[in-house]
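> sharing a model prediction with you, sequence too.
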Amino acid sequence: KIPSDVTLEDEGPPFAEQMGIDIQMTKVSFDSEDICAGTYLRAMQREELTKGAKTLAALAVSSGQKCDVLGLSCTSFSFTLGSAKVREQISAGRNG
């Protein structure tokens, strides 16, 4: 884990709860612990963002909730893929 992961996992849910927001998270599966463009691009090719979005959307449906927002909270991953590709993969998971 890198420090930003701990912050999101530890501080995100209590903060959201204070505002009455239910937050769910999942992690993207990487084939390497190297934090670099190659790792992110291979994850994109395996449609890991789509898989994560499907998991979260299905969780919402199975618990009788609706999923209002899906996003990626990794700056280097999102910059590597670009906003169009991130949107494409997340939308495919949410709508698929």
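Thanks, I have the structure now.
> low pLDDT regions in the protein?
Within the chain, the ranges that satisfy pLDDT under 70 run 1-7, 96.
> quick one: the helices in this protein, in order.
3-18, 37-45, 48-62, 75-81, 83-95 (DSSP state H).
> now those helices as TSV including distance to Met25?
C-beta: built from backbone N, CA, C; applies to glycine. Output for the helices of the chain, formatted as TSV (distance: least, C-beta to C-beta, whole Å):
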stretch	distance to Met25
helix 3-18	7
helix 37-45	16
helix 48-62	8
helix 75-81	14
helix 83-95	14
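> reformat these as TSV; add mean neighbour count and distance to Asp68.
Shown next, in TSV, are those (neighbours: other C-beta atoms under 10 Å; distance: least, C-beta to C-beta, whole Å):
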stretch	mean neighbour count	distance to Asp68
helix 3-18	11	12
helix 37-45	16	24
helix 48-62	17	9
helix 75-81	16	19
helix 83-95	15	11
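> between the ones you listed, which gets nearest to Val28?
When those are compared by C-beta to C-beta, helix 48-62 sits nearest Val28, at 4.5 Å.
> who's in contact with Leu49?
Leu49 is in contact with 28, 43, 72, 81, 86, 89-90, 93, counting by C-beta atoms under 8 Å, 6 or more residues apart in numbering.
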